[in-house]
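Novice: sequence-free structure coming up:
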């Protein structure tokens, strides 16, 4: 009967509260995945429903946060595939470190950035990142996940997470430098 | 590839607190003597903060949260009801079973049914241990706390520590606290915590209090040592400003068991 009991176990209130407690974080991540708040809200709702369905597979030692984020990201990937957008999931060809252009020595002073709507520039640059790098950097910097946890969410080795984050930051810095130059903040007096 | 190039390939992981302790120390030593790499590290750390600030301020509208709650509740209720076919098949099946049972009961039998076929085996129910640790502190958890402490990770990780049962217990009070005569405190050292500064560059002490309503002089003693207080999910976390100690006061010691404190 164990299999039957496990499959039919209903989520309890504690489970509901636990998954809902991640709502804001899921939404924050979903907004950056989907690019708009309506789709993000729907995606979170779908992820929560999937979590309820997957309740029977939850083990006592499961990291709930990584688990629910995995569900959300998988739901997003399913959506991309259904709409023929799987190309967005392609891993960019990463340059080996020694061949990559050196990151700019200077970009934008933090104080300048904030005075001139720097957050928008950062969000714009984040949106340009391929999904694999964007997810890794968001889960790390915004959600405070460890690489190991991110690897669970993204279903990849920890070393891949490390590489994605490293390259994502280098790319972000390059783009932010471009934006800074466009706004007349380029040159040797800018640093980031 | 110059030594600096090799160093810079790891600065992102260093900023994320993801380097092994000895590697981190080696990197920090290089940064202390190389202005170029130090500036690069600062840039990585600054970008990390900018991403956090720029993308971290999104909050779901209350109406949306209410919609999620309603949706989840409905999904749970639907799951409790079972699949749609169960509503059709199970009652029919039960009715058929009842009919068969009724037939069996009304039919004279020459011999009793074999016991094994009708006996209901007792269901073994695993009992949870009486004193499950409220939280379990292992090396991994401490590392995360250290990252929180160093502001390279967000404090909400502490919620995870609590939820994941991430704190283990304690054994001894630092001598200077004992000497202050604070009998109400049972201060202990956590497993995996050593006072070797090479371990994540930090030593961490986890304290258990008989009550979180501490005598003033405890707070003063901690404050004197540069400790500030943060309350997270029922834990009072006292973190030293000097970057070398983290104190955690558990608010519910009754739920904390005495566990292996060997290091």
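Specialist: Received, thanks. Please read all numbers here as calculations on a predicted model, not as lab measurements. Residues are numbered from 1 along each chain as shown, chains lettered A, B, ... in the order given.

Novice: after the host helix or strand of residue A:28 comes which helix or strand?
Specialist: Counting by DSSP states H and E, the element that carries residue A:28 is helix A:23-34. Tracing the chain past helix A:23-34, the next element assigned as helix or strand by DSSP H and E is helix A:37-53.

Novice: So is whichever helix or strand comes after that next one next to chain B?
Specialist: Downstream of helix A:37-53, the next assigned helix or strand under DSSP H and E is helix A:64-82. Yes - Helix A:64-82 is in contact with chain B by CB under 8 Å from any CB of the partner chain, via A:64, A:65. Any C-beta I mention is one placed from the backbone N, CA and C, and that applies to glycine too.

Novice: quick one on the thing from earlier: just the buried residues of the helix holding residue A:28, please?
Specialist: By 16 or more other CB atoms under 10 Å in any protein chain shown, the buried positions in helix A:23-34 come out as A:23, A:25, A:26, A:27, A:28, A:29, A:30, A:31, A:32, A:33, A:34.

Novice: now, which of these lie close to chain B?
Specialist: Applying CB under 8 Å from any CB to the buried residues of helix A:23-34, those adjacent to chain B are A:23, A:25, A:27, A:28, A:31, A:32.

Novice: isn't the last one right up against residue A:125?
Specialist: No - with the criterion set as CB atoms under 8 Å, residue A:32 and residue A:125 do not qualify as a contacting pair; they are 11.6 Å apart.

Novice: What ranges in chain A fall below the confidence cut-off?
Specialist: For chain A, the stretches flagged by pLDDT under 70 are A:1-10, A:92-117, A:185-192.

Novice: go with 50
Specialist: Where chain A drops to pLDDT under 50, the residues are A:1-8, A:94-116, A:187-192.

Novice: Contact partners for residue A:91?
Specialist: Going by CB atoms under 8 Å, 6 or more residues apart in numbering or on different chains, residue A:91 touches A:130, A:132.

Novice: Residue B:66 in helix, strand or coil?
Specialist: Look at residue B:66: counting by DSSP: H, G, I helix; E, B strand; the rest coil, its state is helix.

Novice: Neighbours of it, how many?
Specialist: Neighbourhood size, residue B:66 [other CB atoms under 10 Å in any protein chain shown]: 11.

Novice: Please apply the same query to residue A:180.
Specialist: By other CB under 10 Å, neighbour count at residue A:180 equals 24.

Novice: Now it: which helix or strand?
Specialist: Using DSSP H and E, the element containing residue A:180 is helix A:158-182.

Novice: pLDDT of the host helix or strand of residue B:80, averaged?
Specialist: Residue B:80 belongs to helix B:62-81 when assigned by DSSP H and E. Throughout helix B:62-81, pLDDT has a mean value of 86.

Novice: Can you pull the domain assignment for chain A?
Specialist: A:2-88, A:110-182 (automatic domain parsing).

Novice: So which of those is the most surrounded?
Specialist: domain A:110-182 (a mean of 20; mean count of other CB atoms under 10 Å in any protein chain shown).

Novice: what about the closest residue in space to residue A:122 that isn't next to it in sequence, neighbour count?
Specialist: Leaving aside its sequence neighbours, residue A:122 sits nearest to residue B:54 (CB to CB, 6 or more residues apart in numbering or on different chains; 3.8 Å). Residue B:54: 23 surrounding residues under other CB under 10 Å.

Novice: Could you verify my assumption that residue B:54 touches residue A:123?
Specialist: Yes - applying CB under 8 Å as the test, residue B:54 and residue A:123 come out as touching, 5.3 Å apart.

Novice: Show me where the stretch 51-200 of chain B dips below the pLDDT cut-off.
Specialist: Low-confidence segments of the stretch 51-200 of chain B, defined by pLDDT under 50: B:84-91, B:93-94, B:97, B:100-101, B:103-139, B:146, B:148-200.

Novice: Which strand or helix spans the residue nearest the centre of chain A?
Specialist: The C-alpha lying nearest the average C-alpha coordinate of chain A belongs to residue A:135 (CA atoms, centre = their mean; 2.3 Å). Assessed by DSSP H and E, residue A:135 sits inside helix A:131-137.
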